[in-house]
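Chemist: Got a predicted model here, sequence first, then my questions.
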Amino acid sequence: MKMSKLFVQTLREFPNDAEAISHKLLVRAGFIKKLANGIYTYMPLAQRVLNKISNIIREEMNASGAQELLMPFVQPAEVWQKSGRWAKYGKELLRCKDRHDNEMCLAPTHEEVVTSVVSDVAKSYKQLPLNVYQIQTKFRDEIRPRFGLLRGREFIMKDAYSFHTSQEDLEREYKVMAQTYTSIFNRCGLETKAVQSDSGAIGGAVSHEYMVLTDTAVGENDVFYCDSCDYSANSNHAISILPIQETNGADYGYNEEKTVDTPNVKTIEDLSKFLKINENCILKAVAYIADSKPAIAMIRGDKEIEETKLMNALNAIEIRPMEESEIKEYLNSEAGFISYRSVDKSKVKVIFDNTVKGMKNFVLGANERDKHIVGANLEEDIKEFHDISVVKVGEFCPVCKKPLKITRGIEVGNIFQLGTKYSEPMNAVYTDENGELKPYIMGCYGIGVSRTMAAAIEKYHDDFGIIWPIEIAPYHVIVIPVDTKDPVQAEKADEIYNKLNELGIETVIDDRSDRAGVKFKDADLIGFPIRITVGRTISEGLVEFKLRKEGEVKKLTPEEAIEECQKILLN
RNA sequence: CGGGACGUAGCGCAGCUUGGUAGCGCACUACCUUGGGGUGGUAGGGGUCGCAGGUUCAAAUCCUGUCGUUCCGACCA
């Protein structure tokens, strides 16, 4: 490809509205162009990267026995109503109507359709197990799309679904997919960590997220991990061992239950200062609306609530903090002074965190403005506790009990054992050996293709631009004639360019009449892994060979440079 | 959903206070110049100033509404 013909425009400045480095570089290097919030055109350079990632995925998925298909992106409401998700899926599901007034939606995922398709075709146990996948655009109407391709509304995803006759067979396939994912990301030049995204609790669905670990990534997930064993988990789901620590308000002189005035003391921090007591002796109440119903979560003052865990404990689909007015309405209380004691437990669900077990003579809201109770103790009939707190660094690994560490991760893939979550409500069944109808046992396996591209940039860049891993780089080599007016340089550069292309090495020649500086800047920005510069030294029969990654310049003959390219690509 | 900021050429911005022919840099076109890390110059092309309404002889500028973008918040009561 000639640079003068390549449909790309690099910008001299970073875009103003980008935050994440991958977003800034994708825009500045001319890979993507925004059409609307969270919706982008993939320009030719980006499309080449996406194709490379997709092809690696295809090769690995096919090798592990999965079959590629392609399902509709626009879907009728019926399939979603069948699974029950038409009502449950919130505003992320973009709904619309066709000309006949039929309700439709843009697919955010394909469990419904694939279940429906498979149940029409795979009617016998003889056709199972089955694993089908597609690579396709998805649409999720995110509340706040940001970070470019890391959290767009429209994005490209590989989604695979497997169907089995037994849990054992599902688990076998799950392991196959886990291996497949590791090799896919390795081939993309990305090291990933498979991180638990569920506590692994008995009977619970098992799932893992594949994280590209980077300390620099803005936003995204916190990942807890253990150096001494394999344990790692998304902070959403991480558990830690925290010995039930006894905290006693009596140590601060509060050994008798009584109500005290706490004027204008609203936060735990203020309260702790005002009463001269450690935060871990205060029982904090946080009020939520869970699926339109009120709930309060009680937790030790120094701990924080993990909403995903709370959601699970409440068995809710959607939760949000209560607003001031709702606190009045449902709890007849005021923020800062809520107590679990005075609420009507038949109407308001109360959840206690595990940390509350060890609290004695604690401080509690009095359910009245400017008043708290000190020296309080839990009633004996409160016996149910849940893990609803966020793990903190330094708490202990649940497997080997060593302190946990934290890092940032970008989720690029996930694998999930679904069981009969979809097949049962959708009545998707096969006939088994005994002629009985059974629901499929299912698994699903996703990879964010466009997000993987962005994650690679988050991981591999420097001040000058992108440093593509060669496996997913848009092109392998850029040949730069320094002075296109010098016929020797131009001719020799052309020769190298043609030779490389003949060898199947994807090469761009920067034939523009710009100065060398411009070409170097663009080459670094776009991130070609190999650069061959044809300049003055060509009179001595030498060109410059430079890897974007390492930055060292070697003087080689054109033949040696071409050989070097071949060697690198063979590895 | 709450709060702030911003919408002027593909990108980055000025002009608005005090209403009077729409500007700068990059990018684009042509020519000259330069030729190893974003040369220097000359001449051009490109904008219903987000949209709608209002005030006015006159609105990018003032007022109202609306749409969009963006940042923060939407656990720590």
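Modeler: All right, it came through fine.

Chemist: The stretch 51-200 of chain A: helices as residue ranges?
Modeler: For the stretch 51-200 of chain A, the helices defined by DSSP state H, counting those that start in this stretch occupy A:77-83, A:85-88, A:111-121, A:167-187.

Chemist: now the first one, how far from the chain's geometric center?
Modeler: When distances are taken as CA atoms, centre = their mean, to the nearest Å, helix A:77-83 is centred 26 Å away from the chain's centroid.

Chemist: Tell me which other helices or strands it touches.
Modeler: Here helix A:77-83 touches helix A:85-88, strand A:103-106, helix A:111-121, going by 3 or more CB pairs under 8 Å, 6 or more residues apart in numbering; DSSP states H and E. Any C-beta I mention is one placed from the backbone N, CA and C, and that applies to glycine too.

Chemist: which of the ones you listed is buried the deepest?
Modeler: Counting by mean count of other CB atoms under 10 Å, helix A:111-121 has the highest mean neighbour count of the helices and strands packed on helix A:77-83, with a mean of 19.

Chemist: Name the residues that touch it?
Modeler: A:71-72, A:75, A:79-80, A:82-83, A:85, A:107, A:127, A:130, A:132, A:161, A:163, A:418, A:422-423, A:426-430, A:440, A:442, A:444 (CB atoms under 8 Å, 6 or more residues apart in numbering).

Chemist: averaged over its residues, what pLDDT does that helix have?
Modeler: Average pLDDT, helix A:111-121: 95.

Chemist: could you dump it to CSV, C-alpha only?
Modeler: The C-alpha coordinates for helix A:111-121 follow below in CSV (Å, rounded to 0.1, in the frame of the first residue of the first chain):
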residue,chain,number,x,y,z
GLU,A,111,-28.5,-16.1,24.0
GLU,A,112,-32.2,-15.9,23.0
VAL,A,113,-31.7,-16.3,19.3
VAL,A,114,-29.1,-19.0,19.4
THR,A,115,-31.2,-21.0,21.9
SER,A,116,-34.2,-20.7,19.6
VAL,A,117,-32.2,-21.6,16.5
VAL,A,118,-30.5,-24.6,18.1
SER,A,119,-33.7,-26.0,19.6
ASP,A,120,-35.2,-25.9,16.1
VAL,A,121,-32.4,-28.0,14.6
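
Chemist: Let's verify residue A:245: helix, strand, or coil?
Modeler: Secondary structure state of residue A:245, per DSSP: H, G, I helix; E, B strand; the rest coil, is coil.

Chemist: and the gap between it and residue A:302?
Modeler: Note on residue A:245: its distance to residue A:302, by CB to CB, to the nearest Å, is 10 Å.

Chemist: Would you pull up the residue in chain A closest to RNA strand B?
Modeler: Of all residues in chain A, residue A:535 sits closest to RNA strand B, at 1.5 Å by CB to the nearest atom of the strand.

Chemist: Identify the residues contacting the nearest residue to that residue once chain neighbours are set aside.
Modeler: Counting by CB to CB, 6 or more residues apart in numbering, residue A:482 is the residue found nearest to residue A:535 once chain neighbours are left out, at 3.9 Å. Shown in contact with residue A:482 (CB under 8 Å, 6+ apart): A:489, A:516, A:519, A:533, A:534, A:535, A:536.

Chemist: For residue A:482, which phi and psi angles does the backbone take?
Modeler: Torsion angles at residue A:482 (phi, psi; degrees, to the nearest 10) stand at phi -60, psi -50.

Chemist: Bridged to the nearest residue to residue A:74 once chain neighbours are set aside, which residues?
Modeler: Nearest in space to residue A:74, with sequence neighbours left out and distances taken as CB to CB, 6+ apart, is residue A:104 at 5.7 Å. Here residue A:104 sits in beta bridges with residue A:76, residue A:96, as judged by DSSP bridges.

Chemist: per-residue pLDDT, residue A:104?
Modeler: Listed pLDDT for residue A:104 reads 92.

Chemist: still on that earlier bit, now rank the contacts of residue A:482 by neighbours and give me the top one.
Modeler: Neighbour counts for these, by other CB atoms under 10 Å, peak at residue A:534, which reaches 28 neighbours.

Chemist: didn't the residue of chain A closest to RNA strand B look like it was pressed against residue A:553?
Modeler: No. If you go by CB atoms under 8 Å, residue A:535 and residue A:553 don't touch, sitting 11.2 Å apart.
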